[in-house]
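> Would you be able to build a 3D model of this:
(chains A and B)
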Amino acid sequence: MTLPSVADSAPASPQTVGSGPADEATRRRVGADLWRAVSRNRKAVVGALLLLFFIVLAVFPGQIAPYSGTAEIFPRGLGPSSAHWFGTTAYGQDVLSQLIWSTRESVIIAFAVGGLATAIAVLVGVSAGYLGGTSDGILSLITDVVLVIPIFPLIIVIAAYERNSGLFTLVIVLGALGWSYGARQLRSQTLSLRTRDFLEAARVRGERKLYVILFEILPTMTSLIVASFLGAALYAVLFAAGLQFIGLGNPNSQSWGTMLYWAENNEALGAGMVYWAIMPGVCVALLGAAFALLNYAFDEISNPALRLRKLERKGVRTLPEPAPAPVERSDQLLEVRELSVAYASDAGPVVAVDNVSFDVARGEFLGIVGESGCGKSTLLYAIARLLGAPLAGEITDGQVIFKGRDMVTLAEKELRHIRWRDYSVVMQSAMNALNPVLTVAAQMRDACEAHSDMTKREIEARSREVLRLVSIDPVHLHSYPHQLSGGMRQRAMIAMALLFTPDLVIMDEPTSALDVVGQRSLMVQIKELQERLGFAVVFVTHDISLVRHFSDRLLVMYAAQVSELGRTDQVFRKPLHPYTRGLLEAFPSIHGPKVRLVGIPGSPPDLRRPPAGCRFSPRCPHVTDRCLTRPPALRDVEGELVRCVLYDNGAAPEIGREVATAAERVQ
Amino acid sequence: MRFVLRRLGFFVVTLWAAVTLNFLIPRLMPGNAAIAMMSRYKGHVNPQSLHALEIAFGVNQHQSLLSAYFTYLGNIARGHFGISLTFFPDTVAHQVLQALPWTLCLVGITTVLAFLLGTLIGLISGWRRGGMLDGALPPLFVITSAFPYFWLALLAIWLFAIKLGWFPESGGYEVTSTIGWNWTFANDVVVHSILPALTILVTAIGGWILTMRNNMITVLAEDYVRMARAKGLKPWRIMWTYAGRNAILPNLVGFAMSLGFVVGGAILVEFVFNYPGVGWMFLQSVENQDYALMQALFLMITVTVLLAILAADVATALLDPRTRDRA
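This is a model prediction of the structure:
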């Protein structure tokens, strides 16, 4: 028999349990959320109804079954009739009644073995994960050994010595052998929880280990524990039926497996007593299917990536304002017009990029800054037409005109030809963005082969050339990504982006994985390459000071919208939006006088429920009544764009002065 | 290096656990099944073999548990598994070797086929997320994975052998044909293997489809797949070298384990079809209370699982450069 583990080994992703900073509150909500998710999942509902059906049969067989199952004797081997729906057995018993009376044993086995195996799995798995060290080593070893010992043959060996064993022995043996898969999953989940804040807090409070495990860890793992129970129950139903079928159970017991045993011994199928041989199997299959469906549903629930959500475009609400007239320039490369992107979520569509417009000239360096969760990366991937799982966002509106063509309406096939040749992408972490199983050379060759007729030798030569551009010794060309240092990987990715010397390189925080020194030197190098090769850069970062000396213009994003857009030096000298000012104050100045860092209190709004008026109003030091009700429009102030009511009547001197002092500090 | 040592330790411990279970189970079980068996051996077996059997099954009361255990370990290490009661006076080892090829061919080929087909379907189904294939197959196979497969075997016999008469009902070959390397016999064997093979395939494929689909969905969310899209690679290339190759890695260990379970994995199918393989022999030994044969088979089944996991380790190292460096 194949291992039950094969059927359900999609690991639950650790980050799904209790996400966000409010671990405590999240943990409390787990129960309610779980229930809501289950009741919405069609597979879960079907599985639960099936299970309920069998539980009712198991509890009230006397009330439901037409006959007693064994005691009453009818003519032997009858076909189906209104008196005997599924006919009679070779011993003259009513098949339907036997089926109903047999439900009890299977249900008891399923729940008892499921419960026992899960209890052991929780005990072993959580202890191993939480205690760590030698205890973990020993417990994990035991788990692995039990996992690979062939269970079904072992059960047969045990049953061979202990024939006609009762229900109790069967439950103990199945339970003692069926826990290892669940234990392994629970262990890795516990390991990932160990460093979480609420556990650290409990440790600091000096809570006892048992208390921590029972009241802090277990509640967060509800869905995994349920999945472990369902898997063990399914395996118990199938194994028990198999054992009874070959006559290793108690032949006088009332169970579906025993029915199959007698049916096989009497050659029921050959003799035409078809229902006798088919229906017990159908019952086992249905009860098993109930557990399998529930298990699959729980997998989907605990790992949201497995669920497919569809965006309801009707519910998408974006800013109604028209884009400012584009600046007509002869060297225009990229023109983003009124671009909006929305995600599907359980609470309806979420607009992550709201009516954003800007343009980039050839050779220009545009910085896009803002805190995490403001839609910067989404904007970037929308421009590059790279939205899709896990960012299952969709462009709902707008245009992205790149070299005269609208990228939004371009078919994937046409898009493929301009990708990497005309524009390339550099991602945040090369560790994740480079294919771990291919060498750097192979990944460069892929790109070359997709877009040119270069020979193998030419590709090799070009790959070496670009590596040298980013000052990596070409000996590393045939290394795997994990063999390179963090800085080298990042450079290798930039080298790859330059294979065809594209017109535009889109960069998503390409330096944030590095330390401060590495960041600086990489920035300098990017800037040098840009000036030498003449490509334009769209550069996303949350660190406004990073692009200070490198970008020509700066776009400040807040809560999916443009808050400010202007020349970098001008934005630094005189930041208009209170948010930009806050960003500038959040970073220490190297040269200026020592001042206390102010930063911005609070965090960006939940984009599912953005504030009604100005989205920055809850955190703004200059908030007025006007801000709370009406969303401010994007205004042109001395050639810069800013979204703030302070500038509804032109420049606002009172904030301008404070801002100036703030900016001085940064310089 | 540490990785290799730890794996070796794991193999040794597992093997030891299986051998020890074999030693302990007859002693832990109440009832005198083993003594009953021993009395049937008396007079048939030379005193030396009888002594070895006594130690293996704990019938000999004169020896302490510990010293019996070590004598038993010594016998196992030298490959003395005892004498089969069923096939007396043939040795257990010889009997097992006769049944092994049947099982290896039937279950081995179907296991590999199930893995390849299931992985392929899962890969495409995950790649074309929400498509026709993805909508129909995974839910279907969630349900079939819960089917008792011996029962499917019964149904297959009833429908295709009894009702339609397309295939023979049972056995590995016609009783009338002579075993040998000739076309008629080969044809005979193939015809007999189709129904059991289909039964195993249908029940085993579902797990592979589901896990591969889920792995694929997880991998498709990785940055390197998005990077491959950004590079403008052909979808075909992204599907295989970027998504598929990474998605299959977690399944390799599972595949190896399923290969390991080839020998003991289709016991019930062999039983239903009277297929002359290891599983059928295993149940025969249980039926005849031939414990020496039964325990030898159980040990062999465990060893094949371990060998298969070893093979998986090697395969993973070949496909995943990160593990290669760790080892």
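
> Would stretch B:15-24 count as contacting chain A?
Yes - contact of stretch B:15-24 with chain A (C-beta under 8 Å from any C-beta of the partner chain) involves B:A17, B:A18, B:L21, B:N22. For the C-beta atoms, the positions are set from N, CA and C on the backbone; glycine is no exception.

> Next, the contact list for the third one, please.
Counting by C-beta atoms under 8 Å, 6 or more residues apart in numbering or on different chains, B:L21 touches A:I149, A:L154, A:V157.

> re earlier: from the residues of stretch B:15-24 next to chain A, which is closest to chain A?
Distance ranking of the residues of stretch B:15-24 next to chain A against chain A, using C-beta to the nearest C-beta, places B:A17 first at 5.2 Å.

> Kindly state the pLDDT recorded for that closest one?
Model confidence at B:A17, given as pLDDT, is 85.

> just checking, B:G108 touches B:V262?
Yes - counting by C-beta atoms under 8 Å, B:G108 does reach B:V262; the two are 5.0 Å apart.

> Now do the strands in the stretch 1-150 of chain B.
Using DSSP state E, counting those that start in this stretch, the strands of the stretch 1-150 of chain B do not appear at all; there are none.

> With neighbour numbers in mind, choose between B:G108 and B:V262.
When B:G108 and B:V262 are compared for neighbours, B:V262 comes out ahead with 26 against 15, by other C-beta atoms under 10 Å in any protein chain shown.

> If we ignore the residues flanking it in sequence, what's nearest that one?
Among residues not flanking B:V262 along the chain, B:V107 sits closest, at 4.5 Å (C-beta to C-beta, 6 or more residues apart in numbering or on different chains).

> do B:I76 as well
Nearest non-adjacent residue to B:I76, counting by C-beta to C-beta, 6+ apart: B:V19, 5.8 Å away.

> quick one: contacts for the one you found?
When contacts are counted by C-beta under 8 Å, 6+ apart, B:V19 is found next to B:L73, B:I76, B:L299.

> thinking again about what came up before, ok, how many other residues are close to the residue nearest to B:V262?
30.

> Contact partners for it?
For B:V107, the contacting residues are B:I200, B:V262, B:V263, B:G265, B:A266, B:V269, B:G277, taking C-beta under 8 Å, 6+ apart as the criterion.

> how much space between it and chain A?
If you measure B:V107 against chain A using C-beta to the nearest C-beta, to the nearest Å, the figure is 11 Å.

> From B:Y224, how far out is that residue?
B:V107 sits 37 Å away from B:Y224, going by C-beta to C-beta, to the nearest Å.

> any idea how far A:G404 lies from A:D422?
Applying C-beta to C-beta to A:G404 and A:D422 gives a distance of 11 Å.

> who's more crowded, those two?
Neighbours were tallied for A:G404 and for A:D422 using other C-beta under 10 Å; the higher tally belongs to A:D422 (17 against 8).

> And that one, how far from chain B?
For A:D422, the distance to chain B - C-beta to the nearest C-beta - is 10 Å.

> shouldn't that residue be in contact with A:I506?
No - checked against C-beta under 8 Å, the pair A:D422 and A:I506 is beyond contact range at 11.3 Å.

> Quick check: mean pLDDT of the helix or strand containing A:R520?
If you go by DSSP states H and E, A:R520 is part of helix A:516-533. When the per-residue pLDDT values of helix A:516-533 are averaged, the result is 90.

> Can you give me the buried ones in that helix?
A:G518, A:Q519, A:L522, A:M523, A:I526, A:K527, A:L529, A:Q530 (16 or more other C-beta atoms under 10 Å in any protein chain shown).

> In those, find the pair that's most separated.
Using C-beta to C-beta, the pair of the buried residues of helix A:516-533 lying farthest apart is A:G518 and A:Q530, separated by 18.3 Å.

> of the contacts of B:V19, closest to A:I459?
Each of these was checked against A:I459 using C-beta to C-beta; the closest is B:L299, at 53.8 Å.

> Can you give me the neighbour number for that closest one?
If you count neighbours by other C-beta under 10 Å, B:L299 ends up with 19.

> Tell me which residues touch it, please.
Under the criterion of C-beta under 8 Å, 6+ apart, the contact list for B:L299 reads B:A18, B:V19, B:N22, B:I76, B:F81.

> any idea how far the second one is from B:V92?
Just to be clear, that refers to B:V19. Noted for B:V19: a distance of 15 Å to B:V92, by C-beta to C-beta.

> and stretch B:236-247, anywhere near chain A?
Yes - when contact is scored as C-beta under 8 Å from any C-beta, part of stretch B:236-247 falls within range of chain A: B:R237, B:T241, B:Y242, B:R245, B:N246.

> first vs last residue of that stretch, how far apart are they?
Stretch B:236-247 has its terminal residues 15 Å apart, counting by C-alpha to C-alpha, to the nearest Å.

> any low-confidence regions in the stretch 301-450 of chain A?
Applying pLDDT under 70 to the stretch 301-450 of chain A flags residues A:304-309, A:325-328, A:389-392.

> For it, what lies in contact range of chain B?
Applying the criterion C-beta under 8 Å from any C-beta, the portion of the stretch 301-450 of chain A that neighbours chain B consists of A:303, A:305-306, A:308, A:381, A:384, A:386, A:388-390, A:415-421, A:424-425, A:427-429, A:432-438, A:446-447, A:450.

> So among the residues you listed, which ones count as buried?
Among those, the ones that count as buried by 16+ other C-beta under 10 Å are A:303, A:305-306, A:381, A:384, A:386, A:388-389, A:416, A:418-421, A:424-425, A:427-429, A:432-438, A:446-447, A:450.

> In helices only, show me those.
A:Y381, A:R416, A:I418, A:N432, A:A433, A:D446, A:A447, A:A450 (DSSP state H).

> so the fifth one makes contact with A:M427?
Put plainly, it is A:A433. Yes - between A:A433 and A:M427 a contact is recorded at 4.0 Å, counting by C-beta under 8 Å.

> Now do the shared contacts for these two.
With contacts taken as C-beta under 8 Å, 6+ apart, A:A433 and A:M427 have A:M493, B:D223, B:R226, B:M227 as neighbours in common.

> Please pull out the lowest mean pLDDT helix or strand from chain A.
Lowest mean confidence among the helices and strands of chain A (mean pLDDT, DSSP states H and E): helix A:4-7, at a mean of 33.

> which non-adjacent residue is nearest whatever residue of the stretch 401-550 of chain A ends up closest to chain B?
Ranked by C-beta to the nearest C-beta, the top residue of the stretch 401-550 of chain A for proximity to chain B is A:R419, at 3.1 Å. Leaving aside its chain neighbours, A:R419 sits nearest to B:G232 (3.1 Å; criterion: C-beta to C-beta, 6+ apart).

> helix, strand or coil for that neighbour?
The three-state label given to B:G232 by DSSP: H, G, I helix; E, B strand; the rest coil is coil.

> got the contact list for it?
Residues near B:G232 by C-beta under 8 Å, 6+ apart: A:L415, A:R416, A:H417, A:I418, A:R419, A:W420, A:R421, A:A447, A:A450, A:H451.

> rerun that using 7 Å as the cut-off
In this structure, B:G232 makes contact with A:R416, A:H417, A:R419, A:W420, A:A450, A:H451, judged by C-beta atoms under 7 Å, 6 or more residues apart in numbering or on different chains.

> and what of A:Y91?
A:R76.

> can I assume it sits in a strand?
No - going by three-state DSSP, the assignment for A:Y91 is coil, not a strand.

> Near chain B, which residues of the stretch 451-600 of chain A? Just list them.
A:H451, A:Y480, A:H482, A:Q483 (C-beta under 7 Å from any C-beta of the partner chain).

> Nearest to B:L97, out of those residues: which one, please.
A:Y480 (43.4 Å).

> what does whichever strand or helix holds A:R626 contact?
Under the criterion of DSSP H and E, A:R626 resides in helix A:625-629. Contact with helix A:625-629 is made by A:A612, A:G613, A:C614, A:S617, A:C620, A:V645, as judged by C-beta under 7 Å, 6+ apart.
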